[in-house]
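A.B. asks: Just need the structure, nothing else, for what follows:
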Amino acid sequence: MFTDNPFLAVAAFTPPGFLQVYVVLMALAVVAGTLFDVVHKRSGEFFARQRKQTRTAATRPLGGGAMAGVALRTLAHDVATFGEFCNQKRRLSHALMFYGFVLYIVTTVVMVFAYPGDPQTPAVLPILWYLGALMVAVGGYWFFFFLRVNVIHDGQPTWRLVRADLFIVSLLASVSFALLFRLVAAAGNPPATRLFFALYLLFTTLLFVSVPWSKFAHMFYKPAMAFERRVQQEDGSSDLPAAARRHQI
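C.D. replies: Numbering: from 1, shown residues only. I've put the predicted structure just below:
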C-alpha cells in the first residue's frame, strides 16, 4: 500500500487527464486568489509605501552583498526554521505542517503528471506522499487542539471556529480524507473509495479557492515582512526599540 501510487484507484472512476486538469485549476486558483488578496487588501501599495518611507529614513545604505546576506538570514531563520515563534511547540508544529505540506504537494504533482495511472511509480514517491500527509496531520492536529491562541490564552472552546481557522481546518480535512481515501481503496471498497475521494477533492478545493479569505496567503506575506524588518534593522531605519531588534535577530 505505502509503495503504490495513491492515485491509481482514481483511474477506475474518473476520465483520463482529470487529475492533471484539476491540479492546474488549483494552481491557477492559488495565483488568482493571492493576486486578488494583494489588490483587495492593497498589500502591494502598503509594501511600496513602507519601503519608500524606510529607505528615506535609512542611515546606512545597503549594497547588493549586504542585501543578499539579509535575504539569506531571513530564509534561514524566519522561513526555514520559523524563528518568529518564541514558543518552541508552535515552532515545531508549523515546521511539521510546512515541510509536510511541501512533500505532500510536490509528490502529488510529480505522480499526477509524470506517472498517471502507472503501476511502476518509483516507491519513494508514494512513501514521501504518505510521510508528508502524516506530518501535516500531526503538526496540524497538535496546533488545532493544543496550540491555537484563542483556545490556549482566551479560554474559548476548542470547536469554536472563526474565519482565521479556515486554512487549518481545510488543510487538515484535505490530508485526512486523502489518507482515508487511500485506506478504503487499499481495502477494496469501491463505494467508500468514491465517497472519500469526493470529500478529499471537496476540502482540497476549499483549501485552494479560499486563499483570499484564509491564511494561505500568509505563506507569501510573512517572508516578505520578515525580510523588510531585517533590512530596516541593518540600514538603521527601524523604529522598533533596541531590545525588540535584538530579539528579532
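A.B. asks: What are the buried residues along the strand or helix carrying Val106?
C.D. replies: Assigned by DSSP states H and E, Val106 belongs to helix 88-114. Residues 90, 92-101, 103-105, 107-108, 111-112 are the ones in helix 88-114 that count as buried (16 or more other Cβ atoms under 10 Å). C-beta coordinates here come from the backbone N, C-alpha and C atoms, glycine included.
A.B. asks: and that helix, what other elements does it pack with?
C.D. replies: Here helix 88-114 touches helix 18-41, helix 124-142, helix 166-186, going by 3 or more Cβ pairs under 8 Å, 6 or more residues apart in numbering; DSSP states H and E.
A.B. asks: what's the spacing between that helix and its chain's center?
C.D. replies: Mean-position distance between helix 88-114 and its chain equals 8 Å (Cα atoms, centre = their mean, to the nearest Å).
A.B. asks: quick one: pLDDT of the residue most central in space within the chain?
C.D. replies: Nearest residue to the geometric centre of the chain (Cα atoms, centre = their mean): Phe98, 5.5 Å. Phe98 carries a pLDDT value of 91.
A.B. asks: which residue sits closest to it, ignoring its sequence neighbours?
C.D. replies: Phe82 (7.4 Å; Cβ to Cβ, 6 or more residues apart in numbering).
A.B. asks: Might one say that that neighbour is in contact with Arg91?
C.D. replies: Yes - if you go by Cβ atoms under 8 Å, Phe82 and Arg91 touch, sitting 4.8 Å apart.
A.B. asks: Now Arg148: phi and psi?
C.D. replies: phi -60, psi 140 (degrees, to the nearest 10).
A.B. asks: what's the burial count for it?
C.D. replies: 19 (other Cβ atoms under 10 Å).
A.B. asks: Distance of it relative to Pro223?
C.D. replies: 22 Å (Cβ to Cβ, to the nearest Å).
A.B. asks: before we move on, what about Pro126?
C.D. replies: 30 Å.
A.B. asks: out of those two, which sits in the more crowded spot?
C.D. replies: Pro126 (22 against 15).
A.B. asks: So for the more buried one, what pLDDT did the model give?
C.D. replies: 96.
A.B. asks: Which residues are in contact with it?
C.D. replies: Phe2, Thr3, Asp4, Asn5, Pro6, Thr107, Met111 (Cβ atoms under 8 Å, 6 or more residues apart in numbering).
A.B. asks: now do 7 Å
C.D. replies: Contacts for Pro126 were tallied using Cβ atoms under 7 Å, 6 or more residues apart in numbering; they are Phe2, Thr3, Asp4, Asn5, Pro6.
A.B. asks: which of those residues count as buried?
C.D. replies: Asn5, Pro6.
A.B. asks: Helices - which of the contacts of Pro126 land there?
C.D. replies: Judged by DSSP state H, the contacts of Pro126 include no members of helices.
A.B. asks: Where does the most far-flung residue of the chain relative to its centre sit, in terms of helix or strand?
C.D. replies: Residue farthest from the centre of the chain, counting by Cα atoms, centre = their mean, is Thr59 at 36.2 Å. Per DSSP H and E, Thr59 falls between elements, in no helix or strand.
A.B. asks: show me the contacts for it.
C.D. replies: Contacts of Thr59 (Cβ under 7 Å, 6+ apart): Asp235, Gly236.
A.B. asks: Look up how far Gly69 lies from it.
C.D. replies: 18 Å.
A.B. asks: Check Ala192 too.
C.D. replies: For Ala192 relative to Gly69 (Cβ to Cβ), the value is 54 Å.
A.B. asks: Could you do Ser93 as well?
C.D. replies: Taken as Cβ to Cβ, the span from Ser93 to Gly69 is 29 Å.
A.B. asks: go on, Ala185?
C.D. replies: 49 Å.
A.B. asks: out of these two, which sits in the more crowded spot?
C.D. replies: Taking neighbours as other Cβ under 10 Å, Ala185 and Gly69 compare with Ala185 leading, 23 against 14.
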